[in-house]
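[1] Got a predicted model here, sequence first, then my questions.
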There are 2 protein chains.
Amino acid sequence: MAKQLLGKEVTAALNERIKADVAALKEKGINPTLGIIRVGENESDISYERGATKRCETLGVACEKILLPADATQEQVLAAVDKVNKDDNIHGVLLFRPLPKHLNQTEIENALDPAKDVDCMTDGSMSGVFTGKAVGFPPCTPQACMEILDHYGIDCTGKKAVVIGRSLVVGKPAAMMLIKKNATVTVCHTRTVDMPSVAREADILIVAAGRAGVVTKDYVAPGQTVIDVGINVNAEGKLCGDVAYAEVEPIVDAITPVPGGVGSVTTSVLVGHVVEAAKRKYL
Amino acid sequence: MAKQLLGKEVTAALNERIKADVAALKEKGINPTLGIIRVGENESDISYERGATKRCETLGVACEKILLPADATQEQVLAAVDKVNKDDNIHGVLLFRPLPKHLNQTEIENALDPAKDVDCMTDGSMSGVFTGKAVGFPPCTPQACMEILDHYGIDCTGKKAVVIGRSLVVGKPAAMMLIKKNATVTVCHTRTVDMPSVAREADILIVAAGRAGVVTKDYVAPGQTVIDVGINVNAEGKLCGDVAYAEVEPIVDAITPVPGGVGSVTTSVLVGHVVEAAKRKYL
């Protein structure tokens, strides 16, 4: 039976570190604050916002919201970004995307100061992920994967890591982060030939395929650590990952469940970025 | 015997495309121009500058030089960058690096308008390489590798590509470009365990190890295409690559020589970027 890599354990440890950083900042009179810009009333945005706000509260981080109507103009959204850029009391900014179609999203994304870009939407953050330098912040999901590996003491140096998926939100940044951790990294995607045989070679397998249960027992081998980034709803209406858990779990060494794995770590990573942004500026 | 992938053949084809683009621009009254900023009198900078200037001349692209003394101040170099940013008659800019140690190189690099960053030194260009979007330009050397693959009709889709090296100048951008070309890409580096066995799995092997002759016959297998990015001087004072050519060439399917391979393509790639920068702006 595989060891379960549990998001709640990782989050608990991460939260302790964040709380210590928040305390250190408050001692210096800095009140770490997340700015939230939301355009419109998208349900999943509101749900994520609720989670983020609650986590901020638990960890002693303040929230300031700027809510704009769904028909806000480009100028209105840019003005909101300019406002948070100039506000020294806001350290990190979450802007919900995709934005309504009438807006020029790229222009708005890059208007944000990369130093406050806690959700990797600016060219500065993208460059930071690619170069490994402390410019901006990486996306929260692949960083949650790294937090899980770190928490459970899974050393990447010299290991073979295989990433399934080449998105900008998970696959590519995860690959860059694993290279930085000295893994030999292979990126697979929809055009990969015989993916099972490539995946079986991995010591660490990160799955961000975006489709329920695509990673079957043919993709895995004994000794592997499997991190499942997928969040899907199956035919019975239940949350499930990209990994066919029931058949993979008995084979591999360690695995993240869904729910209760990667997804449950991302909110704390986001709040951690806000605190890190404040630390970079003041500590 | 392996097919030789010759830089001069790739360059000749590339130059024809560049000339056609230059003609189209000149018809519209645009005179594509490379701005060169050089601080000090570093010999290798001057040698590269000579090559670039000559290639520009051949291809109908103008050059404008700003030469600063080795003891130029941060303000002087930033003023030079500001000048080329504002000059609508300069379309691409080459700034020699590393800059003298007393200068803040990162600040100077990011002062350049990414739209004119033909040598991948800004966060904008880094983001462009990482995301695959047309922001800035990729570094010339990995793009020269892609030009060689394209010229010889070597399709990457579904192929296994292995990149040896994880530098920002070659390894990482080459990996991103190969992912975009639908290859399944593995990045190896100094911490990779049993690199020969990983390399032997490749259909396409890109070598940017930075050490003469490290890729021996143990690293290769029949059917492979080998692109050697290395430029080293051997014990006899001759130019040589990172691949032990004499023992590798008889095994593989196709290989670039050194000299006469990748290195001979990069200057045309640079000039091509200047012309592309002008095209993005005006065509």
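    Received the coordinates, thanks. On a predicted model such as this, the values are computed, not experimentally measured, just so you know. Numbering: from 1, shown residues only, chains lettered A, B, ... in the order given.

[2] C-alpha from now on. contacts and neighbour counts both.
    Fine.

[3] Which parts of chain A are helices?
    For chain A, helices defined by DSSP state H occupy the ranges A:7-27, A:43-59, A:74-86, A:105-111, A:123-131, A:140-151, A:171-180, A:195-200, A:245-248, A:263-282.

[4] Please indicate which of those has the most neighbours on average?
    Highest mean neighbour count among these (mean count of other Cα atoms under 10 Å in any protein chain shown): helix A:123-131, with a mean of 26.

[5] which residues are in contact with that helix?
    Helix A:123-131 has contacts (Cα atoms under 8 Å, 6 or more residues apart in numbering or on different chains) with A:110, A:114, A:117, A:120, A:133-138, A:173, A:176-177, B:123-124, B:126-128, B:130-131, B:168, B:172.

[6] any chance of the helices of chain A in JSON lines, with mean pLDDT too?
    Below are these laid out as JSON lines (pLDDT from 0 to 100):
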{"stretch": "helix A:7-27", "mean pLDDT": "98"}
{"stretch": "helix A:43-59", "mean pLDDT": "96"}
{"stretch": "helix A:74-86", "mean pLDDT": "98"}
{"stretch": "helix A:105-111", "mean pLDDT": "96"}
{"stretch": "helix A:123-131", "mean pLDDT": "97"}
{"stretch": "helix A:140-151", "mean pLDDT": "98"}
{"stretch": "helix A:171-180", "mean pLDDT": "98"}
{"stretch": "helix A:195-200", "mean pLDDT": "98"}
{"stretch": "helix A:245-248", "mean pLDDT": "97"}
{"stretch": "helix A:263-282", "mean pLDDT": "96"}
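
[7] Any chance of TSV for those helices, columns distance to B:Val84?
    Listed next are the helices of chain A as TSV, based on distance: least, Cα to Cα, whole Å:
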stretch	distance to B:Val84
helix A:7-27	42
helix A:43-59	43
helix A:74-86	27
helix A:105-111	22
helix A:123-131	22
helix A:140-151	37
helix A:171-180	33
helix A:195-200	48
helix A:245-248	57
helix A:263-282	31
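
[8] closest one to B:Thr225 among the ones you listed?
    Closest approach to B:Thr225 among the helices of chain A is made by helix A:195-200 (19.9 Å; Cα to Cα).

[9] any bit of the closest one sitting next to chain B?
    No: Helix A:195-200 lies out of reach of chain B by Cα under 8 Å from any Cα of the partner chain, never closer than 9.2 Å.

[10] ok now that helix, how far from the chain's centre?
    How far helix A:195-200 lies from its chain's middle: 25 Å, per Cα atoms, centre = their mean, to the nearest Å.

[11] can you dump the C-alpha coordinates of it into PDB?
    Provided in PDB are the C-alpha atoms of helix A:195-200 (Å, rounded to 0.1, in the frame of the first residue of the first chain):
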ATOM      1  CA  MET A 195       3.300   7.800 -22.800                       C
ATOM      2  CA  PRO A 196       2.900   4.900 -20.500                       C
ATOM      3  CA  SER A 197       6.500   3.700 -21.200                       C
ATOM      4  CA  VAL A 198       7.900   7.200 -20.600                       C
ATOM      5  CA  ALA A 199       5.900   7.600 -17.400                       C
ATOM      6  CA  ARG A 200       7.000   4.200 -16.000                       C
END
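
[12] Give me the residues contacting it.
    Contacts of helix A:195-200 with the rest of the structure, by Cα under 8 Å, 6+ apart, involve A:162, A:188, A:205, A:218-221.

[13] what do you get for stretch A:218-237?
    A:141, A:145, A:195-212, A:239-243, A:248, A:251-259, A:261-263.

[14] So which bits of that stretch are buried?
    Residues of stretch A:218-237 classed as buried: A:219-221, A:224-232 (neighbour count, 16 or more other Cα atoms under 10 Å in any protein chain shown).

[15] Mark which of those residues are part of strands, please.
    Counted as lying in strands by DSSP state E, out of the buried residues of stretch A:218-237, are A:225-228, A:232.

[16] Tabulate those residues in JSON lines, adding columns for distance to B:Ala12 and pLDDT.
    As requested, these are exported to JSON lines (distance: Cα to Cα, whole Å; pLDDT from 0 to 100):
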{"residue": "A:Thr225", "distance to B:Ala12": "49", "pLDDT": "98"}
{"residue": "A:Val226", "distance to B:Ala12": "48", "pLDDT": "98"}
{"residue": "A:Ile227", "distance to B:Ala12": "48", "pLDDT": "98"}
{"residue": "A:Asp228", "distance to B:Ala12": "48", "pLDDT": "98"}
{"residue": "A:Asn232", "distance to B:Ala12": "51", "pLDDT": "95"}
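
[17] residues contacting the nearest residue to A:Val269 once chain neighbours are set aside?
    Once flanking residues are discounted, A:Val269 sits nearest to A:Cys140: 5.8 Å by Cα to Cα, 6 or more residues apart in numbering or on different chains. A:Cys140 makes contact with A:119, A:266-267, A:269-270 under the criterion Cα under 8 Å, 6+ apart.
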